[in-house]
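Take a look and give me a structure for this.
(chains A and B)
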Protein chains: 2
Amino acid sequence: MAVPQSQSSARVQTDFLSASDAARLVAQVGIVEVLRLMTEAVEADYGRWQDFDKSARTAAHSASGVIELMPVADAHDYAFKYVNGHPANPRLGLPTVMAFGALAEVATGMPRFVSELTLTTALRTAATSAMAARRLARAGSRSMALIGNGSQSEFQALAFMALLGVNELRLFDIDPAAAQKLVRNLQPWLPQFGATATVAASVQQAVQGADIVTTATADKTRATVLPEHLAEPGMHINAVGGDCPGKTELEAGLLRRAQVFVEYEPQTRIEGELQQMPADFAVTELWRVLQGLAPGRSSPQQITLFDSVGFALEDYSALRTMHALARRTGLLSQIELVPTLSDPKDLFAMVRSAQTGQVLGLHQRKTA
Amino acid sequence: MAVPQSQSSARVQTDFLSASDAARLVAQVGIVEVLRLMTEAVEADYGRWQDFDKSARTAAHSASGVIELMPVADAHDYAFKYVNGHPANPRLGLPTVMAFGALAEVATGMPRFVSELTLTTALRTAATSAMAARRLARAGSRSMALIGNGSQSEFQALAFMALLGVNELRLFDIDPAAAQKLVRNLQPWLPQFGATATVAASVQQAVQGADIVTTATADKTRATVLPEHLAEPGMHINAVGGDCPGKTELEAGLLRRAQVFVEYEPQTRIEGELQQMPADFAVTELWRVLQGLAPGRSSPQQITLFDSVGFALEDYSALRTMHALARRTGLLSQIELVPTLSDPKDLFAMVRSAQTGQVLGLHQRKTA
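Just a heads-up that it's a prediction; the model follows:
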């Protein structure tokens, strides 16, 4: 809808990126480029860990799933994400995970950007996995087993091909249709990486001899997607799916054989594979590796394990990256989330003006 | 923008109420009716306190203010509010307090309603004050002193005239212009309540002989807006402005002379006037009064004090009330906050479709 410049500029507006426009953005910029930019952003922000006001997310659990709020802030930007996890959603035609969130100015509290974060979460999770694997996987890693071929899997595959040089993907899902969907979706991207994607008959077949193993399954149970005996010396294990209390993918013995790296220890102790281990089980926070305070992989024989649960800082990086890209591609729209007041101390004037027909708001009305 | 019904109905959309449309809603329904409905909703929800999953809000403090997230849920609806408090904002042309939030389905995590909550917060705060005062103020209370005549003051005045029968308002603000603004804004409403609004020369003049004293000042300091010696037997004190660590309005001695009522004790201990008192200072949670488990006012001579900081449950009530009213008045618009997927397990299809121009999203593009 056309808005006269004078009126538009006088109103306080919040940038908005819809789910469809986020998809358009990724298509226009290119998903490989978006993953590359997001990996750089996540790495840069983990590299200045001390700048952030951090807390474990708040979670509301119900019989059908979980709803979480994930806030984080530095001196300039406050970010939060709303995200759910409901494993039975696909039967109702909804994604298991849906998310949205906002960026606000710390100096004023003004919300500057509201965005879809369903697609964005998939991108930032893969970017974070790639960021960690660049420090933890064996140099020259080329093959990756991908266990769990659901919504997150394409993003993981692309990020590891683009940023790690992976060119051999071995796919496995208990649902063969999921693996076929993944192959189909990856097809257009394989040639540019000289890569192959093959469906394995079992977890064992997928994992055997792989340099990297990524697990990304969705069941909200204590599962043993990856049993201890399949772990081989030198492997990097990227465990993405164990991300809430009662939901794990790895056999506990595997954690004992590996050097375990986490995003934010207080949160991972509750939500990650780590919930299977005693409270004093040693782990390394990733930022310490990035800042050179702790070693990453220390030998080619070591098993490294990234127990990824997803941390608010990654959403901060992702929101800022998507905001910048949406601005550049012209895909931002505007919503009127906070009122424009001629006298900021006179909120009631809104009601007075509305009563006399003087509200000049730019608003979207459903016309269907 | 016109959307063909078939396409619109196929997409997952989230209802949206903008700041201007919230003002239009209040003007169309009538602010007195909105306050009445909201007071009933808040009272009904406090009355079923045990149904809710409650937690103290998370707060990110900075030198210039605070940003908070306030989640709450029952078995059906999850609600959260984003809200800031930045006392220096008016100098930048922004309100001190800005807010927005959402309602989601607990069963699926789907966000069903995103709304402005700046105006709505003012309404629900006044509704909560009125709900508490109906149980705590002396029967036949007619006069109210209103100390602090900023953004919240009109809403408090209207709620108490409409729901308590207050007909004598005595106004005081250290900024005389604020008091004049309040008088001006209230003028059209006074006749229907047979009420008068007079500006007092001092806090003492405003308070002396008043049945109810409402304090709603905004400074983020330990202030003594209401000194102990001004409290008179039988008064009900509605303390709205002390609502974050380091921000209080009442002299500590006043709390010792009064019976103190709170919304949610763990939060009020940190944020309310209560932060001045020892951890074992006795208070009563309001829901216990509503459920008949604790007395409200127990004698005409008692001083009752509602130490109001604002609790997430009130935003739950307010979001549901505004959603229903926005639907009834046709003021809802729609935003595409989560993706519509033909196969909910195939998120990547969004990227694939966008690449081939097949994204069918209803999206608002800035055209100015």
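
Contacts for the helix or strand containing residue A:249 next, please.
Counting by DSSP states H and E, the element that carries residue A:249 is strand A:248-250. Strand A:248-250 has contacts (CB atoms under 8 Å, 6 or more residues apart in numbering or on different chains) with A:148, A:215, A:217, A:222-226, A:237, A:239, A:241-242, A:272-273, A:275-276, A:305. In this view, the C-beta of every residue, glycine as well, is placed from N, C-alpha and C.

if you set the cut-off to 6 Å instead, what comes out?
Residues outside strand A:248-250 that contact it (CB atoms under 6 Å, 6 or more residues apart in numbering or on different chains): A:215, A:217, A:222, A:223, A:225, A:226, A:239, A:241, A:242, A:273, A:276.

Packing partners of the helix or strand immediately after it in the chain?
If you walk from strand A:248-250 toward the C-terminus, the next helix or strand you reach (DSSP H and E) is helix A:252-257. With contacts defined as 3 or more CB pairs under 6 Å, 6 or more residues apart in numbering or on different chains; DSSP states H and E, helix A:252-257 has no packing partner among the helices and strands.

Quick one: name whatever helix or strand follows helix A:252-257.
strand A:259-262.

For that next one, C-alpha coordinates in PDB please.
Taking C-alpha atoms only, strand A:259-262 is exported to PDB below (Å, rounded to 0.1, in the frame of the first residue of the first chain):
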ATOM      1  CA  GLN A 259      36.100 -34.400  24.100                       C
ATOM      2  CA  VAL A 260      32.800 -32.500  24.500                       C
ATOM      3  CA  PHE A 261      32.200 -28.900  23.400                       C
ATOM      4  CA  VAL A 262      29.100 -26.900  24.200                       C
END
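
Name the strands paired with the strand holding residue A:249 and say parallel or antiparallel.
Looking at strand A:248-250 with DSSP bridges, its paired strands and their directions are strand A:222-226 (parallel).

contact partners of the helix or strand just after the strand it pairs with?
From strand A:222-226 onward toward the C-terminus, using DSSP H and E, the following helix or strand is strand A:236-239. Contact with strand A:236-239 is made by A:129, A:133, A:136-137, A:212-215, A:249-250, A:273, A:304-307, as judged by CB under 6 Å, 6+ apart.

May I ask which of the residues you listed comes out lowest in pLDDT?
Lowest pLDDT of the contacts of strand A:236-239: residue A:249, 88.

Spatially nearest residue to that residue, not counting backbone neighbours?
With sequence-adjacent residues excluded and distances taken as CB to CB, 6 or more residues apart in numbering or on different chains, residue A:249 is closest to residue A:225, at 4.1 Å.

next one: the strand holding residue A:249 to chain centre, how far?
19 Å (CA atoms, centre = their mean, to the nearest Å).

Please apply the same query to stretch A:97-107.
Stretch A:97-107 has its average C-alpha position 13 Å from the chain's average C-alpha position, going by CA atoms, centre = their mean.

which other residues reach it?
Under CB under 6 Å, 6+ apart, the answer for stretch A:97-107 is A:73, A:76-85, A:111-114, A:116-118, A:121, A:315, A:319, B:62, B:64, B:109, B:337-338.

now swap in stretch A:303-320 and tell me
When contacts are taken as CB under 6 Å, 6+ apart, the neighbours of stretch A:303-320 outside the stretch itself are A:38, A:41-42, A:45, A:70, A:72, A:79, A:81, A:101, A:103, A:120, A:124, A:128, A:132, A:136, A:231, A:235-240, A:243, A:257-264, A:268, A:271-274, A:297.

Now which of these would you call buried?
Applying 16 or more other CB atoms under 10 Å in any protein chain shown to the contacts of stretch A:303-320, the neighbour count classes A:38, A:41-42, A:45, A:70, A:72, A:79, A:81, A:101, A:103, A:120, A:124, A:128, A:132, A:136, A:231, A:235-240, A:243, A:258-264, A:268, A:271-274, A:297 as buried.

one step back: if I pick the residue nearest to residue A:249, what's in contact with it?
With contact set as CB under 6 Å, 6+ apart, residue A:225 has these partners: A:147, A:215, A:217, A:249.

Turn those residues into TSV, including neighbour count, distance to residue B:201 and secondary structure.
Below are the contacts of residue A:225 laid out as TSV (neighbours: other CB atoms under 10 Å in any protein chain shown; distance: CB to CB, whole Å; DSSP: H, G, I helix; E, B strand; the rest coil):
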residue	neighbour count	distance to residue B:201	secondary structure
A:147	26	76	strand
A:215	26	72	strand
A:217	22	71	coil
A:249	26	70	strand
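
how about these, which pair is most distant?
Across those, the two members that end up farthest from each other (CB to CB) are A:147 and A:249, 8.0 Å apart.

Now do the shared contacts for the two.
What both residue A:147 and residue A:249 touch, as defined by CB under 6 Å, 6+ apart, is the set A:215, A:225.

Show me the contacts of strand A:236-239 that map onto helices.
Counting by DSSP state H, the part of the contacts of strand A:236-239 found in helices is A:129, A:133, A:136.

of the residues you listed, list those near chain B.
Contacts with chain B within the ones in helices among the contacts of strand A:236-239, counted by CB under 6 Å from any CB of the partner chain: none were found.

now the residues you listed as a markdown table including distance to residue A:292?
Formatted as a markdown table, the entries for those read as follows, by distance: CB to CB, whole Å:
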| residue | distance to residue A:292 |
| --- | --- |
| A:129 | 21 |
| A:133 | 18 |
| A:136 | 15 |
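
if we take these, which one ends up nearest to residue B:31?
Each of those was scored against residue B:31 by CB to CB, and residue A:129 proved nearest at 51.6 Å.
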